[in-house]
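# Got a predicted structure plus its sequence, pasted below:
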Amino acid sequence: MPNDYPTCVRLTPSACGLLLLLAAPLPAAALPAYAEVRANYTSSDAILLARDGQPLHRLRIDKTVRRQAWTPLAEISPALVRAVIVSEDKRFMEHDGVDWQAAGKAAWSNFWGNRTRGASTLSMQLAGLLDEDGQRRGRRSVFGKLSQTAAALRLENSWNKRQIIEAYLNLVSFRGELQGVGAMSRKLFGKWPHGLDERESALAAALLRAPNAPVALVAKRACNLLKEMQRGGECDGLEGFAVSTLNGGQPEPSDPAPQLAPHLARKLLAQPGQQLRTSLDAKLQAFAGEALRRHLSALHRQNVEDGAVLVIDNVSGEVLAWVGSSGDLSAAAEVDGITALRQAGSTLKPFLYALAFERRNLTPASLIEDAPLTLDTGNGLYAPQNYEPHYRGWVSARQALAGSLNVPAVKTLVRISPDLFQQRLQKLGFASLKESGDWYGYSLALGSADISLLMLGNAYRTLANAGQWTPLRVTPGAADSLVPCQREGCAGVFTGKAHAAGLASAAFQVSDILADRNARAGTFGLESWLATPYWAAAKTGTSKDMRDNWCAGYSRRYTVAVWVGNASGSPMHDVSGVSGAAPIWREVMDWLQRGDPRHGRPRLASPPPAPPAGLVRQRIRFEPPREAARDEWFIAGTESAVIQAVPGNALARIAYPANGSIIALDPDIPPQRQRIALRLSAPAQAGWQWRIDRKFVGRAENSPLWLPQPGQHHLTLESKNGEILDAVHFEVRAIKSRQPTQK
């Protein structure tokens, strides 16, 4: 007899003939093999894996049903197996798919109009579960029952009993969205299936007949089942236990996936049952998240609750850590701080100075005046201020960048032009800077534009790689990497061809400055979070009103970028980049460099990089000695042994009013109270004088106050010999006073 047909050993000839008749029309493909069912089974969740295959994050994808991974019979409590067999199919181990004794009793009772338990065996129920069309239509018709009966007989002919009960417990629905023993046990009882006791097992088995029955009815059926299994003592308090279990469930047991990368998981995982290996390092991801939360907890009173940490391998571009938020410390934990667009603060300054070095507008030794500055922008006056409320006078570009001085940065941008700087930032991967440089204006030097931590991290990695830009990767190996996102803060980060985003020589000069603790000492002191015992280049930044602060930097092997702030955009209280983001940056960078030899992570050395071709090392001194003599790096052809400040008359610039200014007079203020102070960008020399429309106004050193007159005016600053040192045009407008309203 073919294997597709049931055996007739213990059946009467008529019964055997009936079964053969029922079984014959069913094609073999209607019943899959056990191995096929298990292979095609998918959890409702997807799992993000670390680079070594460890589970990193579990994410539910299928919202219509809740299934865990397939649970082998060896991992299911024997108490549950026994309860299900007693409840659903007492002679499961004896019959060949159909319990003819139970079927006869059910038919007789139904003939006399008595409602009794059905005669469907576990094999028949499993056959129905395997038949998706049968699930949709139900199996209440006579022909449906006959077809299911034949399918159960054929199932028993190809599957063994252990496979049948295992598959049944994984495919059957228990309550609501819970399908399978794994999801039921975790959600309802807060434990894994192997830990279910007799009372819990009886309650679970009682759900099978009517998964969404009222709690009282489920408890009653469970008690009857316990009595049937000679465990009636377990009925005490069962209804209360059923209420607490079925109405809320218990806290779920710890997951093998520790839920470490929710933001990246949501970007990458798309299919139920998917298991995706990423480039993330599980230990590093956990450590970076802990470091972030620990430091933010200490800043809680200063109105700080959010942050993000990104770690990149410099050579491969693989993302090793993606911590998008502070988790339970945040009121907006779903917001991904890695891709959110925020004001960059001073973190863009290294790219500005690198461009100035390339164009030979500056060298690291060039002197820039740190003094009050007013610029006419066409929309009003722009007067940048330093973070600290004082000015240092003449400073070298090295000290200006390392100390993050604002006015020298703006003056550098004036030399470069905002348009050229915006184009360079685009080349570095800042795709969020979609407007022209003139649209951003001179404030672009101080980071008024919105960027993401992802863009910033890869741009700093570009400096670490001598100006060579390549896209980031989130999957390991040489194969094409997945693109987790392409819009907003992800734009242009994971796609694009490798290209030179700047000269290697300028990148080296900037890296040397950012690693120079002596150069930054005037602002940060010799000992700060940025002063590492190994070579590392780092820069902090703080946006307007302390809404965001940043720290980005790199060693020879790794780039680490940190953002700290509030997802809501509310300002922090007295938290700068060096006190907010820098401690986290340092802790993560230290963890990377020191390694852990006991667990296979060797300690890493990070020596200074070798200078590229085209650089010259030159001993310099300043006259007058504004800074100590030192060795300095120059692009060949720009070197100089003596750095001198320009003569005093070179400082002569009119600071106010700026060229093109429009000054409006208020008719409600007495004219004598509206005099204008004529200001210089530096102290005046003896004999300098002001003239407006060729008329003498006063000595420049006396800071005269001029009584404005409506109209167009020409202001000049002249030396004692009558030489015009600077000149501007401006306009004074008189506003008509408002007439009182007549009543």
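On my side now, so go ahead. Residues are numbered from 1 along each chain as shown.

# Every contact and neighbour count from this point should use C-alpha atoms.
Fine.

# List the residues that contact residue 416.
The neighbours of residue 416, taking Cα atoms under 8 Å, 6 or more residues apart in numbering as the test, are 355-356, 361.

# And it, how far from residue 245?
69 Å (Cα to Cα, to the nearest Å).

# all strands for the stretch 51-200 of the chain, in order.
For the stretch 51-200 of the chain, strands defined by DSSP state E, counting those that start in this stretch occupy the ranges 55-60, 173-175, 178-179.

# Export these to a markdown table and append columns for mean pLDDT and mean neighbour count.
Formatted as a markdown table, these follow (pLDDT from 0 to 100; neighbours: other Cα atoms under 10 Å):
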| stretch | mean pLDDT | mean neighbour count |
| --- | --- | --- |
| strand 55-60 | 94 | 23 |
| strand 173-175 | 94 | 22 |
| strand 178-179 | 94 | 22 |
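
# any low-confidence regions in the protein?
Under the criterion pLDDT under 70, the flagged ranges of the chain are 1-30, 102-119, 132-145, 255-256, 376-380, 577, 646-652, 681-682, 736-743.

# so what are the domain limits for it?
13-247, 288-599, 616-647, 649-734 (automatic domain parsing).

# Please identify the most buried of those domains.
Across those, the average number of neighbours (mean count of other Cα atoms under 10 Å) peaks for domain 288-599, which reaches a mean of 21.

# May I have the distance across that domain, first residue to last?
Counting by Cα to Cα, the length from the leading to the trailing residue of domain 288-599 is 18 Å.

# Kindly report the same for stretch 717-725.
Between where stretch 717-725 begins and where it ends, there is a gap of 5 Å, by Cα to Cα.

# again, but for stretch 228-237
Using Cα to Cα, the end-to-end distance of stretch 228-237 comes out at 18 Å.

# Return the distance of the helix or strand residue 38 falls within from the chain's centre.
Residue 38 is located in helix 34-40, with elements delineated by DSSP states H and E. Taking Cα atoms, centre = their mean, to the nearest Å, one finds helix 34-40 lying 37 Å from the centre of the chain it belongs to.

# what do you get for stretch 543-557?
If you compare the mean C-alpha spot of stretch 543-557 with that of the full chain, they lie 15 Å apart, counting by Cα atoms, centre = their mean.

# now do the same end-to-end measure for it.
End-to-end distance (Cα to Cα), stretch 543-557: 28 Å.

# Numbering from 24 from now on, please.
In the new numbering, first residue 24, that becomes stretch 566-580.

# Take the contacts of residue 439 and write them to TSV, including distance to residue 740 and secondary structure.
Compiled in TSV, the contacts of residue 439 are given as follows (distance: Cα to Cα, whole Å; DSSP: H, G, I helix; E, B strand; the rest coil):
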residue	distance to residue 740	secondary structure
378	33	helix
379	30	helix
384	27	coil
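
# and of these, the nearest to residue 186?
Within the set of the contacts of residue 439, residue 378 lies nearest residue 186; the separation is 69.0 Å, counting by Cα to Cα.

# Would you quantify the distance from that closest one to residue 525?
The separation that residue 378 has from residue 525, given Cα to Cα, amounts to 8 Å.

# Need the overlap of contacts for those two.
With contacts defined as Cα under 8 Å, 6+ apart, no residue is adjacent to both residue 378 and residue 525.

# Please name the strands paired to the lengthiest strand in the chain in the sheet, noting orientation.
In the chain, with assignment by DSSP state E, the single longest strand is strand 747-757. Here strand 747-757 is paired, per DSSP bridges, with strand 684-688 (parallel), strand 734-741 (antiparallel).

# Which among those is found nearest to residue 634?
It is, among the strands paired with strand 747-757 and with distance given as Cα to Cα, strand 734-741, at 45.8 Å.

# can you give me how far the closest one is from the chain middle?
For strand 734-741, the distance between its averaged C-alpha position and the chain's averaged C-alpha position is 54 Å (Cα atoms, centre = their mean).

# what sits up against it?
Residues outside strand 734-741 that contact it (Cα under 8 Å, 6+ apart): 675, 677, 711-717, 723, 747-756.

# Make JSON lines from the strands paired with strand 747-757 and add distance to residue 181 to it.
Compiled in JSON lines, those are given as follows (distance: least, Cα to Cα, whole Å):
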{"stretch": "strand 684-688", "distance to residue 181": "92"}
{"stretch": "strand 734-741", "distance to residue 181": "101"}
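
# Quick check: what element follows the helix or strand containing residue 606 along the chain?
Per DSSP H and E: residue 606 is located in helix 605-617. Proceeding C-terminally, helix 605-617 gives way to strand 638-646 as the next helix or strand, assigned by DSSP H and E.

# Which neighbours in the sheet does that following strand have, and how are they oriented?
Within its sheet, and counting by DSSP bridges, strand 638-646 is paired with strand 653-658 (antiparallel), strand 665-667 (parallel).

# All good on my end, thank you.
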